[in-house]
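Colleague: Okay, here's the prediction I keep looking at, along with the sequence it came from:
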Amino acid sequence: MTVLPTPYRIALTALGVILLGLLPLVVHNNYWLSILVFVAIYTILAVGLNLLMGYAGQISLGHAAFFGIGAYSSAILTTQWHWSPWLALVCGLLLTALVALLIGIPCLRLRGHYLAMATLGFGWIVFIVMKQWSAVTQGTSGIESIPKLAIGTLVFDSDIRHYYLVWGIAILVLVISANLVNSRIGRALRAVHGSEMAAAALGVDIARSKIQVFVLSAVYAALAGSLYAHVVNFINPTTFGFHISVSLVVMVVIGGMASIWGAPLGAASITLLIEWLRNLPFKDIDVIAHGLILILVMIFMPGGVVCGLQDIIQRVLRRKIRRATAPARLPAPEGGMQ
Amino acid sequence: MTITEQRNTGETLLQVRGARRVFDGLVAVNDVSFTISTGQIKALIGPNGAGKTTLLNMISGVIPPSDGQILLHGQPIHGLAPHRIAARGIARTFQHVELFAGMTAMENVMVGRHLRSRAGLLSAALRLPGMWREEEQIRSDAARYLEMVGLNTLADEPAKDLPFGQQRLLEIARALATEPTLLLLDEAASGLSTREKKALVELIFAIRDTGVTIFIIDHDMDLVMSISDEVVVLDHGEKIAEGSPGDVQRNELVIAAYLGEEPVHA
Amino acid sequence: MGSISNILQFLVSGLALGSTYAIVAIGFTIIFSSTEVVNFAQGEFVMLGAMISYWLVSGLHWPLYAAVPVAVVLAMLCGIILGWVLMRPRNGASPVSLIIITVGASMLLQGLASNLWGKDAVSLPPFTAGDPLMWTLPSWLTHTTEAPPVVIMQQQLWVMGLTAALVLGLTLFFNRTMVGKALRAVAVNKHGARLVGVNVSRLVMGAFALSAAMGALAGAAIAPISCGQYDMGSMIGMKGFAAAIVGGLGNFPGSIVAGLLLGVMESFGAGYISSEYKDAFAFIILLVVLFVSPNGIFALLRRKAVRE
């Protein structure tokens, strides 16, 4: 759904990037900076899932598994085998791509609920392996002392440096994804979502498209996972459980699936929400409130916040245009056009 | 020779040999054989439930035949996946319009250019220069097809907002964008007003004049008889007649099959 | 490898475990077939049954035979509320939205549970006190005179017995009562059912109430064996889903058989393959079934039968 024409979008994007770049100069509080780093990490995750759910029309209830595979690859390769972090990261991406390919081929033959269940089952299996395969993953105690990322002598070891690194990568990912969406491939994907039969009749290889976007979204998740590992320097299985898979889906849905830019919005909303809830008085009221908020948002804004806002803006604009062009002396019609 | 006779002795484009399709014990199509010649407009008619769409689905690859063969330019295509059959030059429209609802009319037709373009994941992601040129080409090509069906002014309208008649036209434009040799029209005229049907007839002739062979299913007898060079009649999954429109209309089996069914006049 | 008594031991614990999965699967099936909703909060009903019973017994010192029914009723109320909430969204919400709502409900219930009753595991007294049954197998079967007897806890018999009774009751309910038949009607064709006068929304809430009640009963029954905890619902819920899918979504007898099967396979898997990964077995079976025959193993068997 495009509300604004391209030159405006580019301008807005540039503005957003500049603001993001200047933010750390204003926000000196490290706590908030680190929160924003997490927003960037979840943005990368959310964009991938957005491509899968919003554009290709598939669903994955187990995406935290790919997040975890990326994180654990980086962690294990750098702590136990002393690989360079960047090499480990690339290796993690390749490994995740392979796993996604293997699991995607049978899964993507399924539809709707069945696909959801299959990805759910896969997510749980990976989670259980993370917990139980202590020899490799150190089980529930997790892996610690994961080294920092570095380019030459520049070591990313402070919140500000993390911020620029991760947001830089996140923006790159966003731009690449936006490019993908507005291309032959992106159109083919959206066609698959719109009508598989028609897309196939126009020469689009349905199965291949679905798997491509599935693997891509998994690779994004692995990237986010590696970044997470090197930023937090400690990982354990709880970070990659079912509740994270659900949070990711919620981020995508709340951000609005119609646009890539919903991903950072959704990631920011949920991350900030969870942080705010964590600071509330009662223990575990964050879980209760989180649940309540999910329920309420899904009831009242099922298209996501971005879509909801866009709808409101469009309705307001249309009313203004109609009032401006309506013949004089006739009252403008009330009620939005649908 | 009349033009029709000339067309009917053209080379064989599509050959259906003994096509048969069974669904869980129910025989939907039984031993149907016919050929479509290059440059023809051939029609497939029959009472409801005769198996027409099933046959079309077998030709376009949506379902494989349980038995029999389908040959395009002498090469077997039965059992191939739909996207492969599309790549070989067969395009189609659908009985229940299958537009890409979330996209504009222009974007729908641009998807039709999928087979005639190449940009892959990498060049799209990185916006390589070759991709820009190709995108421009795709867009202008799509515009041409929209113009051909008369929808050029509605290019940026969301496809789902178009009135039904124009949605049918959009589907045709989209199918044409693949530059097919054979165009399958599944009930392209149903739901259209008289005026729209007249326009559709003009369009079909125009398409034929560009060299595309057309195979059309429809219920509207007048329409079918007025545009077709040849007609195949199906009843309960079996072919009961084939020939020129005049011959078929006089065929006793055909008349009997339609008895009890109101022949639809425009 | 397994001696007969080992095998039978695994079988017994597997059946008891599987009975719980079967009940969750049935509850899930009832809701899914009448509403097309995947209820991710199903496991939480089991947890509520266990935890509310515990609270009434330990905190308020109620006798068990009073606590369990009340727990079941309270869980039913939660189910009804959830059913009502799910019908709130206007414009017919997308399946993803509904899934997220049930997940939200599940989080809500888990959060409430951890606030009310803490995060530690708690134990419930068994329905009948007493020593477990020792079933000494005849020596011609075990080929030795020193084979350990098969230990069957009384509570395990309770679980299996309750499940059998529930299945019987539900079968009668669906086939003999108007409400049951109405539920089946809604499952087959919602609009048709409405046309003949069935009040669909009330029935949906009824479906939720029924599923919640069954789950709660199962929870109270299984807690004496495997302890109650605020998050016990997650695993049980997931495995119940797996069972429902393996048996075929919407297939009532399929859910039962699949649930029992899953429980038995998990028990054997834990015993012979690895107890660390026992939780993974249900999901592995789920994936295998989905890849081979998404409509469940019974659909697969039926298809094979038709071909022959």
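Modeller: Sure, I can see it.
Colleague: Flag the shaky bits of chain A, pLDDT-wise.
Modeller: Counting by pLDDT under 70, chain A contains low-confidence residues at A:1-6, A:282-284, A:302-311, A:321, A:324-338.
Colleague: With adjacent residues omitted, what lies nearest to the residue nearest the centre of it?
Modeller: Against the mean C-alpha coordinate of chain A, by Cα atoms, centre = their mean, the closest residue is A:Ala46 at 0.7 Å. Of all residues not flanking A:Ala46 in the chain, A:Ala263 sits nearest, at 3.8 Å (Cβ to Cβ, 6 or more residues apart in numbering or on different chains). Every C-beta, even on glycine, is put in place using the N, C-alpha and C of the backbone.
Colleague: re earlier: quick check: the residue nearest to the centre of chain A touching A:Leu248?
Modeller: Yes: the pair A:Ala46 and A:Leu248 passes the contact test of Cβ atoms under 8 Å, sitting 6.4 Å apart.
Colleague: Report the contact partners of the closest residue in space to C:Val12 that isn't next to it in sequence.
Modeller: Nearest residue to C:Val12 in three dimensions, chain neighbours excluded: C:Ile152, at 5.4 Å (Cβ to Cβ, 6+ apart). For C:Ile152, the set of contacting residues under the criterion of Cβ atoms under 8 Å, 6 or more residues apart in numbering or on different chains consists of C:Val12, C:Pro132, C:Leu133, C:Met134, C:Trp135.
Colleague: again, only using 6 Å
Modeller: With contacts defined as Cβ atoms under 6 Å, 6 or more residues apart in numbering or on different chains, the neighbours of C:Ile152 are C:Val12, C:Pro132, C:Leu133.
Colleague: How about A:Thr119?
Modeller: If you count contacts by Cβ under 6 Å, 6+ apart, A:Thr119 has them with A:Ser60, A:Leu61, A:Gly62.
Colleague: count of neighbours near B:Gly25?
Modeller: Neighbours of B:Gly25 under the rule other Cβ atoms under 10 Å in any protein chain shown: 6.
Colleague: Okay, now the unreliable bits of chain B?
Modeller: B:1-9, B:260-266.
Colleague: host element of the spatially most central residue of chain B?
Modeller: Among the residues of chain B, the smallest C-alpha distance to the mean C-alpha position (Cα atoms, centre = their mean) belongs to B:Leu184, namely 1.5 Å. B:Leu184 is part of strand B:182-186, with elements assigned from DSSP states H and E.
Colleague: Give the other helices and strands that that strand contacts.
Modeller: With contacts taken as 3 or more Cβ pairs under 6 Å, 6 or more residues apart in numbering or on different chains; DSSP states H and E, strand B:182-186 sits against strand B:90-92, strand B:213-217.
Colleague: and chain C, which of the ones you listed is closest to it?
Modeller: When these are ranked by proximity to chain C, the top entry is strand B:90-92, at 28.1 Å, counting by Cβ to the nearest Cβ.
Colleague: need the next SSE after that closest one, C-terminal direction.
Modeller: Of the helices and strands lying after strand B:90-92 in sequence (DSSP H and E), the nearest is helix B:105-112.
Colleague: how far does that next one sit from the chain's center?
Modeller: A distance of 17 Å separates the C-alpha centroid of helix B:105-112 from that of its chain, computed with Cα atoms, centre = their mean, to the nearest Å.
Colleague: what's in contact with the next helix or strand after that helix?
Modeller: Secondary structure here is assigned by DSSP H and E; on that basis, the next helix or strand after helix B:105-112 toward the C-terminus is helix B:121-126. By Cβ under 6 Å, 6+ apart, the list of residues contacting helix B:121-126 from outside reads A:Ile176, A:Asn179, A:Leu180, A:Ser183, A:Ile185, B:Met131.
Colleague: Could you pull out the buried residues of helix B:121-126?
Modeller: Buried residues in helix B:121-126, counting neighbours by 16 or more other Cβ atoms under 10 Å in any protein chain shown, are found at B:Ser123, B:Ala124, B:Ala125.
Colleague: Once you drop chain neighbours, what's closest to the second one?
Modeller: Same thing as B:Ala124. Spatial nearest neighbour of B:Ala124, excluding adjacent residues (Cβ to Cβ, 6+ apart): A:Ser183 at 3.5 Å.
Colleague: just wondering, since we're on the one you found, how far is it from chain C?
Modeller: Taking Cβ to the nearest Cβ, to the nearest Å as the measure, A:Ser183 falls 26 Å from chain C.
Colleague: Provide the backbone phi and psi angles at that residue.
Modeller: With angles defined as degrees, to the nearest 10, A:Ser183 sits at phi -150, psi 180.
Colleague: Is C:Ser19 in contact with C:Trp158, as I believe?
Modeller: No: the pair formed by C:Ser19 and C:Trp158 falls short of the contact definition of Cβ atoms under 6 Å, at 9.7 Å.
Colleague: of those two, who's got more company?
Modeller: Legend: neighbour count by other Cβ under 10 Å for C:Ser19 and C:Trp158, higher for C:Ser19 (27 against 20).
Colleague: and A:Gly186, what does it touch?
Modeller: Under the contact definition (Cβ under 6 Å, 6+ apart), the residues listed for A:Gly186 are A:Leu180.
Colleague: does it count as helix, strand or coil?
Modeller: Under the three-state scheme (DSSP: H, G, I helix; E, B strand; the rest coil), the conformation of A:Gly186 reads as helix.
Colleague: Could you do C:Ala182 as well?
Modeller: Of the three states, C:Ala182 takes helix according to three-state DSSP.
Colleague: so what's it up against?
Modeller: C:Val198, C:Leu203.
Colleague: Just the pLDDT for it.
Modeller: Residue-level confidence at C:Ala182 comes out at 75, pLDDT.
Colleague: And C:Leu141, by the same measure?
Modeller: 68.
Colleague: same question, the one 10 residues further on
Modeller: Here the pLDDT value assigned to C:Val151 is 80.
Colleague: Next one: the nearest residue to it once chain neighbours are set aside from chain B, what distance?
Modeller: On the basis of Cβ to Cβ, 6+ apart, the spatially nearest residue to C:Val151 that is not a chain neighbour turns out to be C:Pro132, at 5.1 Å. Noted for C:Pro132: a distance of 51 Å to chain B, by Cβ to the nearest Cβ.
Colleague: Check which residues of the helix or strand encompassing A:Leu15 are buried.
Modeller: In this structure, A:Leu15 is located in helix A:6-26 according to DSSP H and E. In terms of neighbour count (16+ other Cβ under 10 Å), helix A:6-26 has its buried residues at A:Leu20, A:Pro24.
Colleague: before we move on, back to that, could you check the angle strand B:213-217 makes with the strand holding B:Leu184?
Modeller: Regarding strand B:182-186 and strand B:213-217, their directions subtend 10 degrees when assessed with axes from the mean of the first three to the mean of the last three Cα atoms, to 10 degrees.
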